[in-house]
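Peer 1: Just need the structure, nothing else, for what follows:
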Amino acid sequence: MSPKFRRCLELAALGLGLAVACAAAAKPWWMRGVESNDGDFLPPDVAFRVSATRDGPVLHVRWLIADRYYLYKAKMQIQAESPDLTVGSAAFPPGIVKNDPFLGSQEIFVRQVEATVPFARTDGGAHPLQIKVTYQGCAEAGLCYPPITRVLFPAGAATPPPNPTHAWEGIAILGGGLAFLVAGLWLRAGRQLPMPA
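Peer 2: Coordinates of the predicted model:
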């Protein structure tokens, strides 16, 4: 190996080492511009955990909010994501009024909150049920996260559409059963008759 090639490899290794060290020291996007220790703030998916379930024609969207964090009620949205899905207005419980230095008087949620949303589908369940949820919150220590958007697949079984019973269906089933019984008896009786010579 020539000395020139060895020198190039050493410089490349040094450059790679510096790049890895810089990447490890860089703060995540949600902590940029904030003077704090690295462990002061939670990642957004830990600070605000969101899930959704369905119960008949109603969706329940629930946020679990870490201690010393809060969500803005005005920044919470629930929209249809799957085809042929419509969602109504979300109903939230009353929140806590907070005087925000940048946004003024705001209603916020702490610890947990659940919204209920009526929905309707016109695809007969042909597509998976998907909703898009947007929300924004802050840490009490002064860090506000950018808006967060997640696509959720609500768990749970929807109530099947009403299926009225028709009297003719029962008659058709009974008639079909009787027809098979008569055909079976007729075939059996036919085997017992002597065949003409």
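
Peer 1: OK, contacts around Ile65?
Peer 2: Ala47, Phe48, Leu71, Phe109, Val110, Arg111, Gln112, Val113, Gly137 (C-beta atoms under 8 Å, 6 or more residues apart in numbering). (C-beta placed from N, C-alpha, C; glycine too.)

Peer 1: what's the pLDDT at it?
Peer 2: In this model, Ile65 is scored at 97, pLDDT.

Peer 1: Bridge partners for it, pull those for me.
Peer 2: Beta-bridge partners for Ile65, by DSSP bridges, are Phe48.

Peer 1: ok, longest strand in this structure?
Peer 2: strand 112-121 (DSSP state E).

Peer 1: quick one: which two of the contacts of Ile65 are the most distant?
Peer 2: Largest separation among the contacts of Ile65 by C-beta to C-beta: Ala47 and Val113, giving 13.7 Å.

Peer 1: who has more neighbours, the two?
Peer 2: Ala47 (23 against 20; other C-beta atoms under 10 Å).

Peer 1: Contact partners for that one?
Peer 2: Phe41, Ile65, Ala66, Tyr69, Gly137, Ala139, Tyr145.

Peer 1: which one of those sits closest to Gln79?
Peer 2: Lowest distance from Gln79 to the contacts of Ala47 (C-beta to C-beta) belongs to Gly137, with 18.4 Å.
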